[in-house]
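Trainee: just need the structure, nothing else, for what follows:
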Amino acid sequence: MKNFIKSFLIFESNTVDGLDQFIKTLKDTFKKHHNVIDDLKDYILRSGCESIGFDTLYGASGISKTDKCVIADKILSKPIENALYVILHEVSHQYQYSKYGKNVMWDSYNSKIDIEKAVDLLMNIELVADRLAIIKTKHLLDSNGVKDYKQVTPIYPKMSRQYFKSHLESLRKEVNDKEIKDVDGVNNMMHDELKKKPKPFKFKNYSRPKPKQLKNQIEIDRILDKLSDTGWSSLTDSEKATLRSESSSSPNKPNKDQLNLF
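Mentor: The predicted model follows:
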């Protein structure tokens, strides 16, 4: 009887570190959907997730570590259905950890199994999490009477097998080069990489230099207009001398024949 009570109390006191603040942030952002977020909270509590929170990430919308579910704060600017999809995808991985153990992907990362088998395992885990996220997103919205949302398009089914293989090959190299000893080390490495802001790409300036401005440009323009209207003979000796002087100093210096026209 004492053991039963103890087990019951453990279940009742089940908590997720950071969850209250996480839910508050969501409610502050999605003010019309508090009921949806309350149901989301219950789902997270049942997932086996130890901790959850927002972080600024680049290149990904979230990462499900074995000890924490990290969600990119950029989803707070997205519609409720997109935010739920991201959160629920990462939380679905927490269910998978509860079912298969946190080391479910470790042999795939440390190269102890064939790369093709590792790809199969990774694809299965991601696609299952994606399907769960899509189904649960729709359920949370529909069951709370939300009508004005768009159907979420799943991301992972669009990714090729080669994408997953390249991702795993890159991870395996990092694990070997950095001598990472466990799956937590892999997760922390990925999290650290996602937190690094990419350097802005700089385009080389191939623009042409601005043409050199002649001295006394306004006067030159006036003389050229006069030349165009009335011909060379109408110019004064001073105006002719000005044109000859500027022509000789121009980067596109005319040849002798051109100068003789003046």
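Trainee: hey, let's count contacts and neighbours off CA atoms from now on
Mentor: Fine.
Trainee: where does pLDDT dip in the stretch 51-200 of the chain?
Mentor: Low-confidence segments of the stretch 51-200 of the chain, defined by pLDDT under 70: none present.
Trainee: for it, what spans make up the strands?
Mentor: All strands of the stretch 51-200 of the chain, identified by DSSP state E, counting those that start in this stretch, fall at 52-55, 62-64, 69-72.
Trainee: for those strands, give me TSV that also has mean neighbour count.
Mentor: As requested, the strands of the stretch 51-200 of the chain are exported to TSV (neighbours: other CA atoms under 10 Å):
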stretch	mean neighbour count
strand 52-55	20
strand 62-64	23
strand 69-72	23
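Trainee: need the ones you listed in TSV (columns: distance to Leu224).
Mentor: Converted to TSV, those look like this (distance: least, CA to CA, whole Å):
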stretch	distance to Leu224
strand 52-55	65
strand 62-64	67
strand 69-72	64
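Trainee: wait, which of those strands is closest to Lys196?
Mentor: Lys196 sits nearest to strand 52-55 of all those, at 11.5 Å, using CA to CA.
Trainee: that older thread, and the strands of the stretch 51-200 of the chain: which comes nearest His167?
Mentor: Taking CA to CA, strand 62-64 is the member of the strands of the stretch 51-200 of the chain nearest to His167, at 14.4 Å.
Trainee: what's the spacing between that closest one and its chain's center?
Mentor: Computed by CA atoms, centre = their mean, to the nearest Å, the chain-centroid distance of strand 62-64 equals 13 Å.
Trainee: what does stretch 20-38 give?
Mentor: How far stretch 20-38 lies from its chain's middle: 23 Å, per CA atoms, centre = their mean.
Trainee: returning to what we had before: of all the strands of the stretch 51-200 of the chain, which one is nearest Asn110?
Mentor: Across the strands of the stretch 51-200 of the chain, Asn110 has its closest neighbour in strand 62-64 (18.5 Å, CA to CA).
Trainee: partner strands of that closest one, with direction?
Mentor: Strand 62-64 has the following strand partners under DSSP bridges: strand 69-72 (antiparallel).
Trainee: and for the spatially closest residue to Lys65 that is not a sequence neighbour, the neighbour number?
Mentor: Nearest residue to Lys65, sequence neighbours excluded (CA to CA, 6 or more residues apart in numbering): Asn187, at 5.6 Å. Asn187 sits with 17 neighbouring residues when counted by other CA atoms under 10 Å.
Trainee: from Arg131, how far off is Asn187?
Mentor: 23 Å (CA to CA, to the nearest Å).
Trainee: would you map the helices across this structure?
Mentor: Per DSSP state H, the chain carries helices over the ranges 2-12, 19-29, 34-46, 80-100, 106-109, 115-143, 161-177, 183-194, 217-230, 237-249, 256-260.
Trainee: JSON lines for those, including distance to Leu57?
Mentor: Shown next, in JSON lines, are these (distance: least, CA to CA, whole Å):
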{"stretch": "helix 2-12", "distance to Leu57": "33"}
{"stretch": "helix 19-29", "distance to Leu57": "16"}
{"stretch": "helix 34-46", "distance to Leu57": "21"}
{"stretch": "helix 80-100", "distance to Leu57": "13"}
{"stretch": "helix 106-109", "distance to Leu57": "22"}
{"stretch": "helix 115-143", "distance to Leu57": "19"}
{"stretch": "helix 161-177", "distance to Leu57": "18"}
{"stretch": "helix 183-194", "distance to Leu57": "5"}
{"stretch": "helix 217-230", "distance to Leu57": "55"}
{"stretch": "helix 237-249", "distance to Leu57": "58"}
{"stretch": "helix 256-260", "distance to Leu57": "65"}
